[in-house]
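> Everything below, folded, please.
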Amino acid sequence: RLILADALLDAPALPALADKPLTWKASRVVAMMAPWNWNRFTVDLAGTHDLDFPAERGPASVQASATRLMTETELHGDGRPETVQVDAVGLRVQDRNATAEPVWAAGSASLFARRLFPKGDSADKPTFELKVRLHDVRLPPGDLALGRDLARFSGEAKIVGPLSDPTSTDALAKWRDAGGVVEFIVSESRYGPLAMTANGTAALDAALQPMAAMTANVQGLFPAIDALRSKELIRSRIDMVQLVSEF
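As a prediction, this is how the structure comes out:
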């Protein structure tokens, strides 16, 4: 067990940020690993974190805090993570130079990611899965038509076919040409007047732009349409009803 109190990371020129500076301060970090299993470790990040980093509008300074923030990682034989689990409770992110109103908050959040290793030809089999669950989320400030409160969201996605590097254009094109798709399920979503469940697939077109086909069950659609129309994000309720019926 490794315990760091008042941890500080000061990187004056970080290559991942185009040689720009980054500073991170944490009230406490606890890393744990069993001596009989070097491939599995946990990191407890509960507490406060101050982060200074470059942004489009200049240097940004934020503070994040959580009553619980635990990560658990299991490594594969190739030395890269096979599974990653992140659990958070009482998460708040706010601008240290602004008001006390949080930029983003969540009552609870969990994320689980796993690399899959199907036997034989993996062209038509899942190779990666991601599961996300969110409760009582406060979205960043803005003129949002449906408000800032996301009550609940639960969903999962699976990448079908081997995708070596999702940040590489060549790898994405190769994955697309081999028939790669993303299968997704939204088992629960409640945002403003909308309640939705959905499932479908997504893929990339010739220009590497996303396209999707899905089936959805929606409640509260017309109040949501009215809210979008009031913000002039859609033309009219009649046009939207026609579009929904055609879809």
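
> residue ranges for the strands of the protein, please.
Taking DSSP state E, the strands of the chain run over residues 2-14, 20-33, 40-44, 47-55, 58-66, 68-75, 81-95, 104-115, 126-138, 149-160, 181-191, 194-204, 210-219.

> and of those, who's closest to Arg229?
Each of these has some distance to Arg229 by C-beta to C-beta; the shortest is strand 194-204, at 14.5 Å. All C-beta atoms are positioned from the backbone trio N, CA, C, and that covers glycine.

> Show me the strands paired with that closest one, marking each as parallel or antiparallel.
strand 181-191 (antiparallel), strand 210-219 (antiparallel) (DSSP bridges).

> Distance from the chain centre to stretch 118-138, please.
Counting by C-alpha atoms, centre = their mean, to the nearest Å, stretch 118-138 is centred 12 Å from the centre of its parent chain.

> one step back: nearest to Arg138, of the strands paired with strand 194-204?
That would be strand 181-191 among the strands paired with strand 194-204, by C-beta to C-beta, at 12.0 Å.

> List the buried residues for the closest one?
Neighbour-count burial for strand 181-191 flags 181-182, 184, 186, 189-191 (criterion: 16 or more other C-beta atoms under 10 Å).

> could you give the mean pLDDT of that strand?
The predicted model assigns strand 181-191 a mean pLDDT of 95.

> how close does Met70 get to Asp6?
Distance from Met70 to Asp6, counting by C-beta to C-beta, to the nearest Å: 20 Å.

> Would you mind telling me which of those two has more residues around it?
Per other C-beta atoms under 10 Å, whichever of Met70 and Asp6 has more neighbours is Met70, with 17 against 9.

> Contacts only, for Thr71.
Counting by C-beta atoms under 8 Å, 6 or more residues apart in numbering, Thr71 touches 42-43, 45, 84-86.

> Which of those residues are buried, as a ChimeraX select command?
Listed next is the ChimeraX selection for buried residues among those, using 16+ other C-beta under 10 Å:
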select :43,45,85,86
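
> can you redo the contacts of Thr71 as a markdown table with distance to Ala145 and pLDDT?
Converted to a markdown table, the contacts of Thr71 look like this (distance: C-beta to C-beta, whole Å; pLDDT from 0 to 100):
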| residue | distance to Ala145 | pLDDT |
| --- | --- | --- |
| Thr42 | 40 | 98 |
| Val43 | 38 | 97 |
| Leu45 | 34 | 96 |
| Val84 | 34 | 98 |
| Gln85 | 34 | 98 |
| Val86 | 30 | 98 |
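
> with the contacts of Thr71 in mind, which one is nearest to Pro12?
Of all these, Pro12 sits closest to Leu45, with 23.4 Å by C-beta to C-beta.

> so that closest one makes contact with Glu72?
No: taking contacts as C-beta atoms under 8 Å, Leu45 lies outside contact range of Glu72: 11.8 Å.

> In this structure Thr73 contacts Arg80, no?
No: here Thr73 lies out of contact with Arg80, judged by C-beta under 8 Å, at a distance of 10.2 Å.

> Name the residue in the two with the higher neighbour count.
Thr73 (17 against 8).

> can I assume Leu111 is in contact with Phe153?
No: using C-beta under 8 Å as the test, Leu111 is too far from Phe153 to be in contact (11.7 Å).

> Give me the common contacts of those two.
Common contacts of Leu111 and Phe153, defined by C-beta under 8 Å, 6+ apart, comprise 132-133.
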